[in-house]
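Colleague: following is a predicted model, sequence given first.
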Amino acid sequence: MSKLDTFIQERQQRSEEWKAQKTAERDELNALSESGILTATMEPQAYLRYLDVQADNPRYSASNILLAMEQNPEITFINSLKNWNDLGRSIKQEETGMKVRVTDPYIKDGREHRGYKVGRGFDIAQTTGKGTVPKLTLQENTPEMDAALRKLLDQSPVKVNTSTTTYHDALYDPASQEITVSTNLTDGQTFAALAREIVHAKLHDHGRYPYYSRSDCALEADSVGYMLCRSFGIPGKQPDASKVGALFEGMEPQDRRGVLDSLQQIFQRMQREIQREI
């Protein structure tokens with residue numbers, strides 16, 4: 001065998017080892033992700049814990065939040081190395097972080113495709129420094145709260161009315177496809193109630209979702225509304241997660257993930273629009 005043949009053989013071996021390593025890494029992430037999804041969609045306390053972490057980290061997908069939680073159940077705020085450095089914090093020397101999926105665009109046959117690679121996320125407890133996580137807390141009767149309510153109202157897919165006599169803080173009527181909000185609420189209560197009912201209206205989708213019922217969609221709407229309130233420091237009651245197992249019963253892990261991802265996307269879009277406004 002020539003020297004060049006040896007080099008070629010070594011190169012092929014390195015390539016095969018690299019591919020095997022990446023396959024094992026993907027399999028490990030898939031197993032962790034599936035475990036986290038099943039736990040969050042079967043156990044009420046795990047589901048509520050997920051909502052808290054997701055609300056505090058709106059930029060991260062549901063899949064990545066659950067993946068990170070499976071590796072470190074105590075996480076609160078997570079960021080990449082670069083983002084922590086930009087905030088004035090450094091990663092502690094002994095910390096390796098948590099594996100998350102990072103979008104990795106690539107070109108094939110002249111077209112751009114979206115794949116993913118394994119990245120690292122670090123909890124704030126794994127960092128050191130004087131920088132803090134920026135967080136906006138909306139207060140009663142402030143210009144920021146007024147701006148948030150206006151932008152929230154803009155995001156309603158249906159007409160919103162007010163009433164001085166309604167027995168509910170707010171209610172979406174699927175028959176008329178309108179939301180009625182009580183005028184006897186504080187700004188924070190109005191935000192929480194309106195956010196929840198807007199999600200009901202979004203899920204109903206102008207009647208295009210034939211399986212909509214208020215009871216069946218209550219946990220989903222309550223969850224998004226709760227996350228939105230928490231992300232802006234507005235007091236809100238945690239959803240009743242006692243029936244979370246029944247909601248996801250019979251669903252495969254990928255379908256459970258799809259539901260959580262869709263709720264996270266609704267939350268993220270609403271949160272981002274309000275954040276930009278204020």
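Modeller: Thanks, I have the structure now.
Colleague: out of everything not next to it in sequence, what's closest to residue 164?
Modeller: residue 183 (5.2 Å; C-beta to C-beta, 6 or more residues apart in numbering). Quick note: C-beta positions are derived from backbone N, CA and C, even for glycine.
Colleague: give me the neighbour count for that neighbour.
Modeller: Using other C-beta atoms under 10 Å, residue 183 has 10 other residues around it.
Colleague: likewise residue 55?
Modeller: Neighbours of residue 55 (other C-beta under 10 Å): 22.
Colleague: can you get me the start-to-end distance on stretch 200-212?
Modeller: Stretch 200-212 has an end-to-end distance of 9 Å (C-alpha to C-alpha, to the nearest Å).
Colleague: tell me where the stretch 151-278 of the chain has strands.
Modeller: 159-163, 170-173, 178-182 (DSSP state E, counting those that start in this stretch).
Colleague: so which of those comes closest to residue 233?
Modeller: Closest approach to residue 233 among the strands of the stretch 151-278 of the chain (C-beta to C-beta): strand 170-173, 20.1 Å.
Colleague: helices of the stretch 1-150 of the chain, start to end?
Modeller: With DSSP state H, counting those that start in this stretch as the criterion, the stretch 1-150 of the chain has helices at 3-40, 44-56, 62-71, 81-86, 143-154.
Colleague: so which of these is the most packed in?
Modeller: Each of the helices of the stretch 1-150 of the chain was assessed for mean neighbour count using mean count of other C-beta atoms under 10 Å. The highest is helix 62-71, with a mean of 23.
Colleague: tell me the angle of that helix relative to helix 44-56?
Modeller: Here the directions of helix 62-71 and helix 44-56 differ by 120 degrees (axes from the mean of the first three to the mean of the last three C-alpha atoms, to 10 degrees).
Colleague: for helix 62-71, which helices and strands make contact with it?
Modeller: Secondary-structure packing of helix 62-71 (3 or more C-beta pairs under 8 Å, 6 or more residues apart in numbering; DSSP states H and E): helix 3-40, helix 44-56, strand 98-108, strand 111-123, helix 253-277.
Colleague: want to try TSV for these, with distance to residue 200 as columns?
Modeller: Shown next, in TSV, are those (distance: least, C-beta to C-beta, whole Å):
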stretch	distance to residue 200
helix 3-40	22
helix 44-56	17
strand 98-108	31
strand 111-123	31
helix 253-277	11
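Colleague: of all those, which one is nearest residue 146?
Modeller: Nearest of those (C-beta to C-beta): helix 253-277, 10.1 Å.
Colleague: surely residue 56 touches residue 233?
Modeller: No. Counting by C-beta atoms under 8 Å, residue 56 stays clear of residue 233, with 10.7 Å between them.
Colleague: quick revisit: dump the helices of the stretch 1-150 of the chain to JSON lines, plus distance to residue 251 and mean pLDDT.
Modeller: Output for the helices of the stretch 1-150 of the chain, formatted as JSON lines (distance: least, C-beta to C-beta, whole Å; pLDDT from 0 to 100):
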{"stretch": "helix 3-40", "distance to residue 251": "10", "mean pLDDT": "73"}
{"stretch": "helix 44-56", "distance to residue 251": "14", "mean pLDDT": "97"}
{"stretch": "helix 62-71", "distance to residue 251": "14", "mean pLDDT": "94"}
{"stretch": "helix 81-86", "distance to residue 251": "33", "mean pLDDT": "94"}
{"stretch": "helix 143-154", "distance to residue 251": "31", "mean pLDDT": "96"}
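Colleague: flag the shaky bits of the stretch 51-200 of the chain, pLDDT-wise.
Modeller: Low-confidence segments of the stretch 51-200 of the chain, defined by pLDDT under 70, span residues 105-108, 112-113, 115.
Colleague: rerun at 80
Modeller: Low-confidence segments of the stretch 51-200 of the chain, defined by pLDDT under 80: 103-116.
Colleague: sorry, back to before: of all the helices and strands packed on helix 62-71, which lies closest to residue 154?
Modeller: Checking the helices and strands packed on helix 62-71 against residue 154 by C-beta to C-beta gives helix 253-277 as the closest, at 7.6 Å.
Colleague: and that closest one, which residues are buried?
Modeller: Residues of helix 253-277 classed as buried: 253, 256-257, 259-260, 263-264, 266-268, 270-271, 274 (neighbour count, 16 or more other C-beta atoms under 10 Å).
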